[in-house]
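Colleague: Output the structure for:
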Amino acid sequence: MISVKVGHSLDPVLLNVYRFFLKSKIVNPNILTVWGAAFAFGASACIAFNYLFAGGVLILISGFFDLMDGAVARNMDSVTRFGGFLDSVLDRYADLFIMFGIFIHFLTQRDFFLSGLTFVAAIGTAIIPYARARAEAASLPCKTGMLERPERLIIVLIGLFFCVLKPAVIVLAVLTHVTAVQRMAFVKKNSKFEARISKS
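Modeller: The predicted model follows:
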């Protein structure tokens, strides 16, 4: 939803920041992707050890790198299939490590109910991009649903910065699976439509 509306409109701002800090240096966009994942792993550790605000800050930095790598790749005309693949894989690692950090956070507080809900939310977090990948493998574009990655990260950030992590996890545990079901329904509907077209 957010990613569709924003698109690449932030590219000029991201490129200005890139040029300000790196001057004339040229950095492979894949390196920026790896740095983004590294900050996400650091965020996971902070959250696990109850440094929630610091974890939120590191997630913001990770997200910034995640946006910048694409902007730099497009600007350098160096968009590659491997770059897109690497970005997608490391995004999944980052998402699940963040959920793991939240899981450990609640586990150390002996809040087993929220730990379980975090695990449920992590399953939904993994299924959403998997559903899209399977749909696109069948030549069916599938960006529909309530919670894409930006929305999920925003919910996590609200939980970390405003000390409402428990409600945030509950929302994620419900809406990630709602999104997965929305994508399944979308693919079912469109596959039937394509079948009717092919027969006509």
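
Colleague: Apart from its chain neighbours, what residue comes closest to the residue nearest to the spatial centre of the chain?
Modeller: Closest residue to the average C-alpha location of the chain: residue 149 at 3.4 Å, with C-alpha atoms, centre = their mean. Spatial nearest neighbour of residue 149, chain neighbours left out: residue 91 (6.6 Å); criterion: C-beta to C-beta, 6 or more residues apart in numbering. From N, CA and C alone the C-beta is placed, and that goes for glycine too.

Colleague: Identify the residues contacting that neighbour.
Modeller: 37, 66, 129, 149 (C-beta atoms under 8 Å, 6 or more residues apart in numbering).

Colleague: got a winner among those residues for most neighbours?
Modeller: Across the contacts of residue 91, neighbour numbers were computed from other C-beta atoms under 10 Å; residue 66 holds the maximum, 23 neighbours.

Colleague: name the helices or strands packed onto the helix or strand hosting that one?
Modeller: Here residue 66 sits within helix 52-75, counting by DSSP states H and E. If contacts are counted by 3 or more C-beta pairs under 8 Å, 6 or more residues apart in numbering; DSSP states H and E, helix 52-75 sits against helix 11-22, helix 29-48, helix 81-108, helix 149-161.

Colleague: Return the member of those having the minimum mean pLDDT.
Modeller: Mean pLDDT is lowest for helix 11-22 among those, at a mean of 72.

Colleague: got the angle for that helix vs helix 29-48?
Modeller: For helix 11-22 against helix 29-48, the angle by axes from the mean of the first three to the mean of the last three C-alpha atoms, to 10 degrees is 90 degrees.
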